[in-house]
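In: next comes the sequence, and after it the predicted model I'd like to discuss.
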2 protein chains.
Amino acid sequence: MSEPAAQQPLAFAALVLALAGELVQGVHERVVAAGFDDLRPAHGFAFARISHGGATTAELAEHLGVTKQASAQLVDELVRKGYVERTPHPGDARARLLRLSERGWACTRAADAAAVAAVAPYQEALGAERFAALVRDLGALDPKGPIRPAW
Amino acid sequence: MSEPAAQQPLAFAALVLALAGELVQGVHERVVAAGFDDLRPAHGFAFARISHGGATTAELAEHLGVTKQASAQLVDELVRKGYVERTPHPGDARARLLRLSERGWACTRAADAAAVAAVAPYQEALGAERFAALVRDLGALDPKGPIRPAW
DNA sequence: ACAGATGGACAAGCAGCTTGTCTATATCGA
DNA sequence: TCGATATAGACAAGCTGCTTGTCCATCTGT
């Protein structure tokens, strides 16, 4: 073991933050390279929520941890750029159900492919078995899901 | 194995981002609770750089990936709040060497303790051996170090 | 039917970052 | 030694993404 046990927690935190930064940057670069150059990394968290069965602006706001107004601004932008459509909400005349447009789905597929490509080097570095064990152990930590950058 | 192999990369990315978010929030909450309530998570990245042998405003800017002006603003704030001191730079009359004040060091110690506390639940969830293996494998991925939030 | 909660929009303001410009000092080549 | 160029840092102006505050329309529970 190369780390003194007392320093493992700090090393773990630093590694996770570093990896997260690299992943966000790597995915974003690939998504931009795929032609979706009018998006920013933060938009991905909105896509993830909307693609999962649709959402209202208020639900999105809570998911992202921002105010309704910030969420509405984000949605406005995504609608203006053609990634998201507002449809009437079945069963609530106040709300609008947000759905991904075809371009939105295309971007989501590109982002998934980008994530796979960004992770590939790590997968290779560890080998299939150790990588699988890593994913399993990370999953056992049961984080509450990627909400938003937040800092 | 509960994950189909083809979905492991996406699961990995999602888990790392989720963990990073939880860690940042967990550390920040504890640092605030320790009395350093006039700081934001992003400041930690500046502390990390300055504490490591001091730095100039321009070096900090490059490390954080922002402009010199943004860096200078950040430093102004940290100086105003008593965490950082500007000292003359030995060997370059243009530059100022940034150093942590005693309060800055106290905050750094509190942040380290906060990180250890934030990671502790994960350590317990996996047990000492699996956690050590996790840290080892994450280290083998060799990320370039936590630079800044960036997204 | 009415009171309170909730989805969403409009307006104003602020914090953190950007670009552009400037001075003082450092560095390098003739 | 000196002149050209690069660099550290500061000043000014502006933009963007977020905030709070207010308002209306619609839903929900009693």
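Out: Yep, that arrived.
In: can you name the helix or strand that the residue nearest the centre of chain A falls in?
Out: Chain A has residue A:45 as the residue nearest its centroid, 4.0 Å off, counting by Cα atoms, centre = their mean. Residue A:45 belongs to helix A:41-51 when elements are defined using DSSP states H and E.
In: ok, residue A:54 - contacts?
Out: A:97-99 (Cβ atoms under 8 Å, 6 or more residues apart in numbering or on different chains). Where C-beta positions appear, they are placed from N, C-alpha and C, glycine not excepted.
In: for residue A:56, same thing?
Out: Neighbour list for residue A:56: A:89, A:95-98 [criterion: Cβ under 8 Å, 6+ apart].
In: now the helices for chain A?
Out: For chain A, helices defined by DSSP state H occupy the ranges A:8-33, A:41-51, A:57-64, A:68-80, A:102-126, A:128-140.
In: now the first one: buried residues?
Out: The reference is to helix A:8-33. Neighbour-count burial for helix A:8-33 flags A:8-28, A:30-32 (criterion: 16 or more other Cβ atoms under 10 Å in any protein chain shown).
In: wondering if it reaches chain B at all.
Out: Yes - applying Cβ under 8 Å from any Cβ of the partner chain, one finds helix A:8-33 in contact with chain B at A:8-25, A:27-28.
In: that helix near DNA strand D anywhere?
Out: No - Helix A:8-33 does not reach DNA strand D (Cβ under 7 Å from any atom of the strand); its nearest approach is 13.8 Å.
In: tilt between that helix and helix A:128-140?
Out: Computed by axes from the mean of the first three to the mean of the last three Cα atoms, to 10 degrees, the angle separating helix A:8-33 from helix A:128-140 equals 100 degrees.
In: what's helix A:8-33 packed up against?
Out: For helix A:8-33, the packing partners by 3 or more Cβ pairs under 8 Å, 6 or more residues apart in numbering or on different chains; DSSP states H and E come out as helix A:41-51, helix A:102-126, helix B:8-33, helix B:102-126, helix B:128-140.
In: okay, those in a markdown table with mean pLDDT and distance to DNA strand C next?
Out: Below are the helices and strands packed on helix A:8-33 laid out as a markdown table (pLDDT from 0 to 100; distance: least, Cβ to the nearest atom of the strand, whole Å):
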| stretch | mean pLDDT | distance to DNA strand C |
| --- | --- | --- |
| helix A:41-51 | 95 | 12 |
| helix A:102-126 | 96 | 17 |
| helix B:8-33 | 94 | 13 |
| helix B:102-126 | 96 | 16 |
| helix B:128-140 | 95 | 26 |
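In: so for residue B:63, which of those helices sits nearest?
Out: helix B:102-126 (16.0 Å; Cβ to Cβ).
In: is the closest one positioned near chain A?
Out: Yes - Helix B:102-126 comes into contact with chain A (Cβ under 8 Å from any Cβ), by way of B:112, B:115-116, B:118-120, B:122-123, B:125-126.
In: show the buried residues in those.
Out: The buried subset of the residues of helix B:102-126 next to chain A - by 16+ other Cβ under 10 Å - is B:112, B:115-116, B:118-119, B:122-123, B:126.
In: wait, which of the residues you listed is closest to DNA strand D?
Out: Using Cβ to the nearest atom of the strand, residue B:118 is the member of these that lies nearest DNA strand D, at 22.3 Å.
In: which residues does the closest residue to that closest one other than its chain neighbours contact?
Out: Nearest non-adjacent residue to residue B:118, counting by Cβ to Cβ, 6 or more residues apart in numbering or on different chains: residue B:26, 3.5 Å away. For residue B:26, the contact set (Cβ under 8 Å, 6+ apart) comprises B:114, B:117-118.
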